[in-house]
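Trainee: make a model of this:
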Amino acid sequence: MRFTTVVPRPTAAAGTQDTVSSLDHLTSSLVTAYAYGKYEVHNGRSSAYGKYEVHNVRFSGIHSLLSLSTGSSWVRRPPVSRDKTARFTLKGSSGPLVVPLGGSVVLPCSVDSLLPLKDLEVEWRRSDSQTLIHLYQDEDIRPEAQHQDYHDRAHFFTEDIKHGNFSLLLNNLTAEDEGQYTCKVYSGQESGETVVEIKHVERLIVSGSSQSISASVGGDVTLSCSVNSHIKPEEIEEVSWKKIDKDEEIPVLLYQYNETLSDASDERYRDRVEFFTDEIHRGNFSLRLKRVRTEDKGVYICQVINGRLSANTIVKLERLGFSGLQIMVLILCTTACGFAILFCSLIYCRPNNQE
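Mentor: Next up, the predicted model:
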């Protein structure tokens, strides 16, 4: 399907005529002018928004005639005519933002004076790659123009746009979201922009064993807990091991501010639990449980806390048994008992036979 529309001419001066028959002959500046965004394309009495590919451009006076078909490039009003100094000022962030992994953040962008919604356009882009994060155009938001990485993650405060608030809500943050973001606002022939930086995406990922742990009664067992964070392990505020027993949380071992607090352990675990101290700098907060008892069976939780960040992992100690050595000793003891009983029986029976 082809559509034809007349748009403001981006480059050629009035009164000149140029004919370009294909996209391959377009200059790089012209391609850039038409590469991003989108344009309202009229087809008789209807109009359609979407992605279109530029097939030919014929300049005539101050307008250019575009023949378009469905394709891969967004066609929009050329930005080159919007180079006047803006009479409005955009307000952004006072400094870099630090946000939690998987959380949400508001990228601030607002104007000091109200702007008419007609001819208002707001773009949010990554400053480095120019990736389009979100677009407000023609008095409506345009989620179809977003890069796929930001679908359902980036949102305007739609009701606040008329009040001059163009801030962007970004959800489900990842480490890749670190960097600078540009909010650019067009109003008529004027434009302004502000830059907001996400300096750090705080991450606190705690992992343990994906399977239940088995142990031997009287032996030792390791309950795994590893921390992945931008925070240095020795600067983590608190790591606590607890056993979940019905509705009770039994303190097993506590680490606070680079110190192990053994006295905080419940008396049932005191002198039987310890961290691998030499591994803490690697984020390893695994627990060694010594001289395992049958009552140690159950669910253990490793909780890591640093400021407003918190994460945990659960380890199940389910199968308790005897070690090979214990089984061998048990067999030997049983055998010895059998021989002892047999020997006693022989001694008891001999006097009776003599009588």
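Trainee: can you map out the strands along the stretch 251-355 of the chain?
Mentor: 259-261, 273-275, 287-289, 298-306, 309-321 (DSSP state E, counting those that start in this stretch).
Trainee: before we move on, what about the stretch 51-200 of the chain?
Mentor: Under DSSP E, counting those that start in this stretch, the stretch 51-200 of the chain gives strands at 52-60, 63-70, 84-85, 90-91, 97-100, 105-107, 110-111, 120-126, 132-137, 140-141, 154-156, 168-170, 179-187, 190-202.
Trainee: could those go into TSV alongside mean neighbour count and distance to Phe285?
Mentor: Placement of C-beta: from N, CA and C, glycine included. Listed next are the strands of the stretch 51-200 of the chain as TSV, based on neighbours: other Cβ atoms under 10 Å; distance: least, Cβ to Cβ, whole Å:
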stretch	mean neighbour count	distance to Phe285
strand 52-60	18	55
strand 63-70	16	56
strand 84-85	8	56
strand 90-91	18	43
strand 97-100	16	20
strand 105-107	19	28
strand 110-111	19	43
strand 120-126	21	36
strand 132-137	22	37
strand 140-141	14	45
strand 154-156	19	36
strand 168-170	19	31
strand 179-187	20	31
strand 190-202	18	18
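Trainee: rewinding a little: worst average pLDDT in the strands of the stretch 251-355 of the chain?
Mentor: Of all the strands of the stretch 251-355 of the chain, the minimum mean pLDDT falls on strand 309-321 (a mean of 85).
Trainee: from the contact counts, what lies against that one?
Mentor: Judged by 3 or more Cβ pairs under 8 Å, 6 or more residues apart in numbering; DSSP states H and E, strand 309-321 is in contact with strand 204-207, strand 213-216, strand 221-223, strand 298-306.
Trainee: got the angle for it vs strand 298-306?
Mentor: 160 degrees (axes from the mean of the first three to the mean of the last three Cα atoms, to 10 degrees).
Trainee: okay, the strands of the stretch 51-200 of the chain in TSV with distance to Ser286 and mean pLDDT next?
Mentor: Output for the strands of the stretch 51-200 of the chain, formatted as TSV (distance: least, Cβ to Cβ, whole Å; pLDDT from 0 to 100):
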stretch	distance to Ser286	mean pLDDT
strand 52-60	57	38
strand 63-70	57	35
strand 84-85	61	51
strand 90-91	48	90
strand 97-100	25	86
strand 105-107	33	95
strand 110-111	48	92
strand 120-126	39	95
strand 132-137	41	94
strand 140-141	48	92
strand 154-156	39	95
strand 168-170	35	96
strand 179-187	35	94
strand 190-202	23	89
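Trainee: make JSON lines out of the ones you listed and add distance to Cys225.
Mentor: As requested, the strands of the stretch 51-200 of the chain are exported to JSON lines (distance: least, Cβ to Cβ, whole Å):
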{"stretch": "strand 52-60", "distance to Cys225": "54"}
{"stretch": "strand 63-70", "distance to Cys225": "54"}
{"stretch": "strand 84-85", "distance to Cys225": "57"}
{"stretch": "strand 90-91", "distance to Cys225": "44"}
{"stretch": "strand 97-100", "distance to Cys225": "20"}
{"stretch": "strand 105-107", "distance to Cys225": "29"}
{"stretch": "strand 110-111", "distance to Cys225": "44"}
{"stretch": "strand 120-126", "distance to Cys225": "36"}
{"stretch": "strand 132-137", "distance to Cys225": "37"}
{"stretch": "strand 140-141", "distance to Cys225": "44"}
{"stretch": "strand 154-156", "distance to Cys225": "35"}
{"stretch": "strand 168-170", "distance to Cys225": "31"}
{"stretch": "strand 179-187", "distance to Cys225": "32"}
{"stretch": "strand 190-202", "distance to Cys225": "19"}
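Trainee: so which of these is nearest Ser262?
Mentor: For Ser262, the closest of the strands of the stretch 51-200 of the chain is strand 190-202, at 29.7 Å, according to Cβ to Cβ.
Trainee: CA atoms only for the closest one, dumped as PDB, please.
Mentor: Output in PDB follows, covering the C-alpha atoms of strand 190-202 (Å, rounded to 0.1, in the frame of the first residue of the first chain):
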ATOM      1  CA  GLU A 190      11.200  26.200  19.600                       C
ATOM      2  CA  SER A 191      12.900  23.300  21.400                       C
ATOM      3  CA  GLY A 192      14.700  22.600  24.700                       C
ATOM      4  CA  GLU A 193      16.300  19.600  26.300                       C
ATOM      5  CA  THR A 194      17.600  18.200  29.600                       C
ATOM      6  CA  VAL A 195      19.800  15.200  30.400                       C
ATOM      7  CA  VAL A 196      19.200  12.800  33.300                       C
ATOM      8  CA  GLU A 197      21.700  10.200  34.300                       C
ATOM      9  CA  ILE A 198      21.200   6.800  36.000                       C
ATOM     10  CA  LYS A 199      24.600   6.400  37.500                       C
ATOM     11  CA  HIS A 200      24.100   3.100  39.400                       C
ATOM     12  CA  VAL A 201      21.600   0.300  39.200                       C
ATOM     13  CA  GLU A 202      21.900  -1.200  42.700                       C
END
